Each structure stands twice: as C-alpha cells, then as structure tokens.
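Engineer: what follows is a predicted structure for the sequence shown.
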Amino acid sequence: MAHWTTFDKETERETKRLVRCIGGVQDEEDQNFQLAHKFAWSNFRFHRYLDVDSHKVQRSISGIHEKLMVHSDVRKAESWTGLTEEFLNSPLPNTEGTKSDAHYGVLSLLLFLSTSPLHTDFTERPRLKEAEEEDSFDWAQYLREGEDGDVGPYPETPDWSEEESEEDDGQQPISREDSGIQLDRTPLEDQDNNNNNNKASPVTWTVGEPGARLWLERHVVTPYWVAHAPRFPHSLHLHSNLLNVWDQHLYNTDPLYLPEEKAFVTETQVIRETLWLLSGVKKHFIFQHHDGKVSVRSNVVVTHLTPNCLRSVLDHVAVFGQAVFRLQRFIDEVTGHGSEPSPPGSSHGSSHGAKRGSEPPFRTYQAFVWALNKYFTGFKEELTTIERELIRNDETVTLLAVLERLNPHLAQIKVLHKVFSTGVAEVPPETPNVVRASHLLNTLYKAIIEYDGAGEASEQAVALLFSLWTETVRPYLEIVDEWIVHGHLFDPAREFIIQRNKDVPVNHRDFWYATYTLYSVSETVESEEKLSDAASGSSAGEQGSSARQLTMVSFLKPVLKQIIMAGKSMQLLKNLDCKETERSERSSRDAERKSLYTRFLESVQSRLCSRAESPEDPAAEQQATRRSLIKMQSIISQHLEIEDVHDPLLAINFARLYLEQNDFHERFSGGELNVDRSSQSVTCQTFELTLRSCLYPHIERRYVECCGNLMKTLKKDYRLLGYLQAMRNYFLLEAGDTMYDFYTAIFDKVQEKESWQQLSFLNGQLQEAVGQRHPEDSSRLSIFLETIDPSRKKHPVNNLEVLTLGYKVPWPVDIVISSECQKIYNQVFLLLLQIKWAKYSLDTLRFSDFTDVAKKPSGAPVEDAKPKEPIKQQTHRMCLLRVKLMHFVNSLHNYIMTRILHSTGLEFQHQVQEAKDLDQLIKIHYRYLATIHDRCLLREKVSFVKEAIMKVLNLVLIFSDRWRAGFGAWKIESIDKMESDFKNCHMFLVTILNKAVCRGSFPHLESLALSLMAGLEQC
C-alpha cells in the first residue's frame, strides 16, 4: 500500500466512512463490513460513470420546487431554492469556480438518495457565519520602527488645516432630520432652533477613521435657508453652469439688466422640499404659504437650470401642494386635529368644517375623511420610499424622474381635489347636514360615471373614486340597514335624506303618511325642499317630475321606494303584538346576519374577481360572444323594422351597447319597447351595473321579506281582510239580508208618515239587524245624523242624506281603512240607500190601493169629481208608468250591484291577495274606492247625470205616494206631468250615456245605456 497516492488514501478513508454511515456497521473486521467495503471500493476504482447532466439536475430541482408550491409548502420551497442556489454558488475544495460538475454531481447524489422530499418535515435552522478574525497587528508601529517623532500630547488627533476647521465650525451647529415626512421639521424651524440653542446634537463619527471627513461632507447639509448662505461646490462643466451662462447672456444683451441676489440650492434639495410639500409639511424655504395658497420663492435657483425653467416646474408642483394642503386641512378639521385658526375672509376657511362649535362632524364626512386619510397614508409611504432612495444615493435621482414617478399620484390628487372642491368646499356654511351628505355622495357618484365613460383612459381614477365612494357611503348604508332590519332610523346628525317626524307616534292612524319626511335637494345647493311622505309611498320617480329639477342621493333612486316601504314596515312590525316565538327567531337570525354594507362589499369583490378571471378557452368565449351579438342584432333589427328603420349598422351598435346588460333579452324579447330613460333603467355604465347587481338585490330581498311579514301579520293576526269584507258588507250592502232588515224598517216608517230620524231608533234597528248574523261587528257599527241644507229637503229622496254610517276600525287596520275612505264608503252607501228606497217603494205598491177610488169625496161637487177619462184608462196609465219606473230603477240597481260593486269587488279581492307591501295595498284600496265612486256617477264631472237619476228617483217616490193616496187625493193632470218628466229624463240619460259609450270615455256604462234604451218608448 506504500505506492498509494494521497487521493487513493482519501478515497479509502471516505469509502469506509460511507459504509459506516449507510450500512450502520462500525467494526471494520466484520465480514459484512469487508464485503460492503470491497464492493464500494471496486466501483470507485474500476467503474466508469457518465458525466453528470446539469440540465437534468436543474430540471429536478425546479420540479421539486413546483411540487412544493402546489402542496402549499411555501417555506420549504423557498428554503429548497435558496439552499440549492447557495450551494451552487459556493466554492468547493479542490474545485475551481461555481456551478461546476462537482456541484451538480453532489446534488445528483443527494437527489438519488432522497426518498420522498415532499413528505419530509423540514425547518431551516439559522446558520451563524463565522466572524472574521480582526487583524490585531499594529502595522503603524511596525512601519515606523526606528523613527523618532514628537506626536504631541494627543497622538490620535488628525492633522487639520485652518480652513477645514472653519468649515467644520460653520457646519457643526446644523442638526437636521434626514426626512421631513415623518416629522414636521422644516429648515426655517431648524434655523430657529439653532438660534435658540447654542449646543447642537452631536454627530456620530469617530476621529481617526479614514472616512470621517467623507461622512461629514455627505451627512451635514449646507444651510441654504439662511441669508448669505455659503455656496456649495459643483462641477465646472458647461451643463452644470447654465445659470451663469444665461445671466451672462442677459447681461450682454440687456444694458439695464441688474443681477439680483439669489439663493442657490441643489436639485437634491429641491427634490426633498418637493417631497415634503406633497407630504403635507407646512413650512419650507423654497415654497411659501400665504392665506392657503402655495407659491414659489422667487430668488431660488439651481446652477444647471434657468430661473424660468425651474419656476415653471415648481409652479406645477405648487398647484398639487396647495391641493394636498387643502385636503389635509379638511382632514385635520374633521378629525379635530386642526388647531391653526383660519384667517378671516380666507377662501379656504372652515366653511366645510363643523357648523357649530359643539357639534361634531357627521358620519358621512368622517367616512370621507377616513378614505382620504387611507389614500394619503399610502401616498406618504411612496414619498418616504423616494426620499430613502435619495438619501442612499445609490443612483442618480432627478426632479424630472421624481415627478414622472409621482405623475399617477398627482393625477389622482387632482381628481380628489376636484371632488373635494365640488362636493365639500363649495357648499355654503349654514347648509343642513342632509344637503351636505347628499351633495357629497352625488358628486362622487357623478364623478365615477363621468370618468367611467372615458373607458380605459381613466381606469385608475375610477378605481380611486370607487374606493372613495365605498368608504363614504358606509354611514348611509348602515342607516338603511338599521332601519330596514330593526325598524329604527338612527340618524343623530340628521344627514340621511329620510328623517323621522317624532311628533307622530307609531300607533297613530296617520303613522304611514306623516311619520317620515323625504328631503330633495336642488342641483344648485342653494335651497332645500321638503317633500312629505304621502300615502303613495313618496317614491323618487313620482316626485322627480316636478318643474324644478330636484335630485337626491342618486344611487338610492332606483330602490328608494323599497327602502321607505321596508323601513316603515319593519318599524310597524316591531310595535305590533307579534308572537314571542317569532321575535326569538328573528333575534337569533339577527345574530348571524351580515350587515348590508358587508354584503355589498362581498358582492362587489365577487363581481370583480369573476370579471378578473381569464377564460380557459378564449376562442370559445369569443365565439359565444359573437353568437350573442348576432342574436341581439337580429332582435334589434326586428324592433327597428317596427319603426320603419332599416339600418344594419345601427342594429350592430345597439347590440354592442347593451351586450353587457343582463336583462337585455327580458326587455326586448318580451315585447317591452317603452324604456324609462328618466330612471336610467337601461344603461351601459359599469358602475351602475355594479350597483344594480351588488347593492340593489340585497335591499329588494329585505324589502320583500319585511313587507311580506307585515302583510302576513296584518292578514293573519289583525284580520285585515275581514275588516275590508265588513266594509263591503255594510257600506256596499253586500250583506243583503242583514242590511235589508235595517233599511226596510226606515222605509216603513217613512211610508207610514212616522218620525224615523231618531238616533235611538236607528241604532237599535242597526244593532238588531247586525247582531243576529254578525254579532262581532255589532259593537263597531253605529249611525249618526247630520244636518243638511233646508233647500234640499223639498225633494223626498234627499231626506236620507242625514244618515252617516260609522265603523270603528282598530289600529293598525285604520291605516288602510282611514276616515277619508269611510267618507267615500258613505257616499256610495247613501246612493245605494236611495236606489233601494225607490225600488222598495215600487215593489210594495198594491192594486188594492185603487179600490173605491171612483167614489166622490164628501162635500165635493159632482162636476169636479167627474173624471175626464174613464177610471180603467187612468189605472192603465198608472200601471204602465209604474212598469216603466220599475224597469228604470231595476236597470240602475242591477248595474250598480252587479256590474259595478260585484265585478269591481272581485277584482279588488284578487289585487289584495297579490299586494306585496302595505303601501301597495293602500293604493289598491284607494283605487278601488275611486273606481266605484266614479262608476256610481258620484264624481263632480258627471254630476248632471246623477241629478237626472235623482230626479227620476224622486219622481218614483212621488208616484208611490200618489198611488197609495188614490185618485181622489191628487189631480189627474199630474199623471201627464209625471209621464212627461220621466220621458224627458229617460231620453236625456239614454242620449248622454250613448254618447259617452260611443266616445269610449265610460265603457262600463254600456250595459246601463243598453238597458235604459230597451225601456225607451218607440214612437
């Protein structure tokens, strides 16, 4: 073994170590150890291995990293990549260079030995680098060995010249922060501090270090902000002395040119003051503040730019600095940090701050300020990053490069300042909070729509404004959520457009009409108009049609009615005596419920994520889009042909315009051509589509739930449908048997010439009639007597007008059946009583009343008693007249009871079942009453028709009285007069009704016109 080389010896030793490590056998005399050693040694000596493939090893390393990332082992993946890269770039013993075959051979061996690197728990241990040993040898003493020199009492003090000492003395008092962004420290403030304090903060450096002087030159700033500041050294190159060249040119060309005293600064100092200005620092040297306006000091120059060039750039920066200052001032005022008083008469005064000293800013302004502060926090971080890069001085930083880097932020600041000026600063000081909040939200809304219309050119502005709007709108959505979920309109600052009228309690019958006030603000923000929340629900579409263009919070317009209905319904539900189980269920659901604002943000995030996802197959999506476009184009072409427009290009453009709208097919394929442009129901704006898909569905679902629960409670627990049926039973005489007993008792009293206008008699008859069949309503019904005009008493049919039927409706049903509704019910009730009276009078006539009518009255002369016509002929005329009157009255009675009351009542019952909210039910009820009021000819416009009918009914009552009195009690000529009057009225009504039917004004009168025409005499 003496002929072995050193390599052979190392190979032998390492082979034994390999066998011990892998085989686990430690005894070299063991047979297993000898066999393993011989096998390994023979392979090392005589086997020829292929050179390692570095590309294959690199692919294996990348594959393991990718698998680790797929299994979400990010830390293992980073450690794996870092360690392999570090090994490949590290030197190996007896190997030259990095990433050699030896490196890849070791990695290949480790890869072959590894069994499952993915399922191995691994945590990288921190490795401590060995500190380099310091050279403690004193080379200076070694080199100076043999020299004799007097170094003085302070041998470590370096040699300084007098000039250097003077310069150091002038620089020593200067202590300036490296950044003016974190602390509001400015050159002027530092100058004041230096004048007041003789001792400056010590500079950290060590005498004797080689870089001490260089450190001082780099870290101590020349006091350029003081008068007669020393000039700093700079290059003598022509480009660095453009200012001198320009001054020399002006001096040579202008004989009157007089150089002014200038303050020289470096471009680095200009950049830093620019960064400080944009960060909100108020005191500078280059920039000056005067009454809220930022200006540039006129004598500031740099050596490599002309004054006009520098001034133009800095004036551009000053505009944005002033915008930042105004926005920061507004933030400080709202947050309570603004302690600096504004000068009197200044345009930037605190008109947008709190109006009253003790009143804090309302929540919409606070949310707006929070959004601004979030933006400026990120903006200042960017400014801090730039200043750190400037301090490190690793690369050249110019003012132009900084402005180019800040250009996107400056454009965003311009947008923010424009929104602030329009939405906040221009609002008069004493404007109510509701106007301020509405105007700010409208300004943001319109700004988003305006920039969104520009497309891709203003994506950053739209993103900024949308984030600002989502933060600012949060208080409004929280107020809406609290109202529509818990029935409580919490608005202490009175900033919401709907405000509670606390004078009207919830259990008042006028709660639904007079509880809330909707505020609409004019565009000029100079006046404010209150629109009462009327019975119609005060929807935005109905109130927006006034002469003056009124606006409110624009984004709530499409769902404003739903918000009002849901809020009032929820408040009403909270005050109803609901079952305890339902309350407990609602409380448990509220604990798990997300707020409206949270749901809105989640919907927006899901919508943006779905839009951001790239399609798996772009070709398939493009083909589907092309098919949709062709389909929409065909639909549009069909609708254009209806208007005789044949323009394929117009159809294509319309199809593309509405391609993004989800309800396109529903609107156009369903035949709905009338599009409400005023409500912006059809639009291609992305922001409005976002609101329509992310915000409005949540409000509408809550509206359906609240109003549905209220309708269910009113119908089930408070017998709403039962009370509506009771009104029809008693006022519209649908309970015929019950009301027949009541009014026939009155008619009998009238026929017997007895007094019937007594409350005790009337209420007694009513209670007796109702109590037999509907005892639950006997305590609610009552009769009242009212006085009428004495001139109307001469007509018998008008005597019933003294009656007024009353029905006590409990709360909350009286919201639907109000006192105004009962007045309309009473008008129809009186008309029906008059028709029933005429019909009853004719139906109770008997032929036995004509017995002994031909007998001569006692004391009357025979000539006077001799009739002009035979008795039978007179009787025949009376019977014919009675039949004609009965046909007229029966036709009118059947028309009112069947064609009007019955058919309209069936339609009303169906609509009540389909009503979604209480406001819709109130409208249906009002519409039902208005319909029967008009069709019963009670409207003032057709009063002449009613007068003709009343004249016939009055004629019926007179005819009935004379029939019962017999021929001897009245003159025969009165028959002719009654026939003539009836014929004239009959002819008049038939003519009027036929004209109305032919004109199409009153189609429901057709049956009455035909019935009356059938009874008209044909001469």
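Structural biologist: Okay, I see it. Since the structure is predicted, the reported quantities are computational estimates derived from the model, not experimental observations.
Engineer: quick check, Asn373 in contact with Phe330.
Structural biologist: No - the pair formed by Asn373 and Phe330 falls short of the contact definition of C-beta atoms under 8 Å, at 10.5 Å. C-beta: built from backbone N, CA, C; applies to glycine.
Engineer: settle it for me: which of the two has more neighbours?
Structural biologist: Between Asn373 and Phe330, counted using other C-beta atoms under 10 Å, the more crowded position is Phe330 (22 against 15).
Engineer: distance check, the more buried one against Val281.
Structural biologist: Taking C-beta to C-beta, to the nearest Å as the criterion, Phe330 is separated from Val281 by 17 Å.
Engineer: now for the helix or strand Val19 falls within, which elements pack on it?
Structural biologist: Counting by DSSP states H and E, the secondary-structure element that holds Val19 is helix 6-23. Under the contact criterion of 3 or more C-beta pairs under 8 Å, 6 or more residues apart in numbering; DSSP states H and E, helix 6-23 touches helix 31-46.
Engineer: quick check: next helix or strand after the helix it packs on?
Structural biologist: The element immediately downstream of helix 31-46 (helix or strand, assigned by DSSP H and E) is helix 54-70.
Engineer: mean confidence for that next one?
Structural biologist: For helix 54-70, mean pLDDT is 86.
Engineer: go on, stretch 688-706?
Structural biologist: When the per-residue pLDDT values of stretch 688-706 are averaged, the result is 87.
Engineer: ok, stretch 410-421 next?
Structural biologist: When pLDDT is averaged along stretch 410-421, the result is 92.
Engineer: tell me the buried residues in it?
Structural biologist: Neighbour-count burial for stretch 410-421 flags Leu410, Gln412, Ile413, Val415, Leu416, His417, Val419, Phe420 (criterion: 16 or more other C-beta atoms under 10 Å).
Engineer: closest one of the residues you listed to Leu68?
Structural biologist: Comparing those against Leu68 with C-beta to C-beta picks out Gln412 as the nearest, at 39.7 Å.
Engineer: pretty sure that closest one contacts Val462?
Structural biologist: No - Gln412 lies out of contact with Val462 (C-beta under 8 Å); the separation is 11.0 Å.
Engineer: gap between the residue nearest the centre of the chain and Thr443?
Structural biologist: Among the residues of the chain, the smallest C-alpha distance to the mean C-alpha position (C-alpha atoms, centre = their mean) belongs to Phe555, namely 5.2 Å. Plainly put, Phe555 is 12 Å away from Thr443 if you go by C-beta to C-beta.
Engineer: over to Phe420?
Structural biologist: Summarising the geometry, the distance separating Phe420 from Thr443, computed by C-beta to C-beta, is 9 Å.
Engineer: repeat for Ala323
Structural biologist: Distance of Ala323 to Thr443, given as C-beta to C-beta: 16 Å.
Engineer: got it, and His1004?
Structural biologist: 52 Å.
Engineer: of the two, who's got more company?
Structural biologist: For His1004 versus Thr443, the count of surrounding residues by other C-beta under 10 Å is larger for Thr443: 23 against 16.
Engineer: run the chain-centre distance for the host helix or strand of that one.
Structural biologist: Element membership for Thr443, per DSSP H and E: helix 433-452. The offset between the C-alpha centroid of helix 433-452 and the centroid of the whole chain comes to 11 Å, using C-alpha atoms, centre = their mean, to the nearest Å.
Engineer: for that helix, packing partners?
Structural biologist: With contacts taken as 3+ C-beta pairs under 8 Å, 6+ apart, helix 433-452 sits against helix 363-392, helix 399-420, helix 459-472, helix 474-486, strand 516-522, helix 686-694.
Engineer: any idea which of those is most buried?
Structural biologist: helix 474-486 (a mean of 22; mean count of other C-beta atoms under 10 Å).
Engineer: partners of the helix or strand just after that helix, with directions?
Structural biologist: Reading on from helix 474-486 to the C-terminus, the next helix or strand found by DSSP H and E is strand 498-500. Strands adjacent to strand 498-500 in the sheet, as given by DSSP bridges, are strand 516-522 (antiparallel).
Engineer: now the helices: where do they sit in the stretch 851-1000 of the chain?
Structural biologist: Listed in chain order, the helices of the stretch 851-1000 of the chain (DSSP state H, counting those that start in this stretch) span 862-865, 871-894, 903-914, 918-935, 943-965, 973-999.
Engineer: would you turn the buried residues of stretch 410-421 into a markdown table with distance to Thr84?
Structural biologist: Conversion of those to a markdown table gives the following (distance: C-beta to C-beta, whole Å):
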| residue | distance to Thr84 |
| --- | --- |
| Leu410 | 45 |
| Gln412 | 43 |
| Ile413 | 46 |
| Val415 | 48 |
| Leu416 | 48 |
| His417 | 52 |
| Val419 | 53 |
| Phe420 | 54 |
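Engineer: mind picking the one among those that's closest to Ser960?
Structural biologist: Each of the buried residues of stretch 410-421 was checked against Ser960 using C-beta to C-beta; the closest is Val419, at 80.8 Å.
Engineer: and the closest one, how far is that from Asn442?
Structural biologist: In this structure, Val419 and Asn442 are 11 Å apart, going by C-beta to C-beta.
Engineer: same deal with Leu400?
Structural biologist: Plainly put, Leu400 is 39 Å away from Asn442 if you go by C-beta to C-beta.
Engineer: for Phe285, helix, strand, or coil?
Structural biologist: Under DSSP: H, G, I helix; E, B strand; the rest coil, the three-state class of Phe285 is coil.
Engineer: got phi/psi on it?
Structural biologist: phi -100, psi -50 (degrees, to the nearest 10).
Engineer: burial count for Ser791?
Structural biologist: Around Ser791 there are 8 residues (other C-beta under 10 Å).
Engineer: for the one 5 residues further on, same thing?
Structural biologist: Using other C-beta under 10 Å, Pro796 is surrounded by 19 other residues.
Engineer: contact partners for the residue nearest to it when sequence neighbours are not counted?
Structural biologist: The spatially closest residue to Pro796, leaving aside those adjacent along the chain, is Leu957, at 4.5 Å (C-beta to C-beta, 6 or more residues apart in numbering). Taking C-beta atoms under 8 Å, 6 or more residues apart in numbering as the contact definition, Leu957 lies against Pro796, Val797, Trp837, Ala838, Ser841.
Engineer: any weak-confidence spans in the stretch 601-750 of the chain?
Structural biologist: Counting by pLDDT under 70, the stretch 601-750 of the chain has low-confidence residues at 610-634, 636-685.
Engineer: rerun at 90
Structural biologist: Across the stretch 601-750 of the chain, the ranges flagged by pLDDT under 90 are 601-696, 698-699, 702-720, 728-750.
Engineer: ditto for the stretch 201-350 of the chain
Structural biologist: Within the stretch 201-350 of the chain, the stretches with pLDDT under 90 are 201-269, 280-308, 310-311, 332-350.
Engineer: residue boundaries of the strands in it?
Structural biologist: If you assign secondary structure with DSSP state E, counting those that start in this stretch, the strands in the stretch 201-350 of the chain sit at 263-264, 287-290, 293-296, 300-301.
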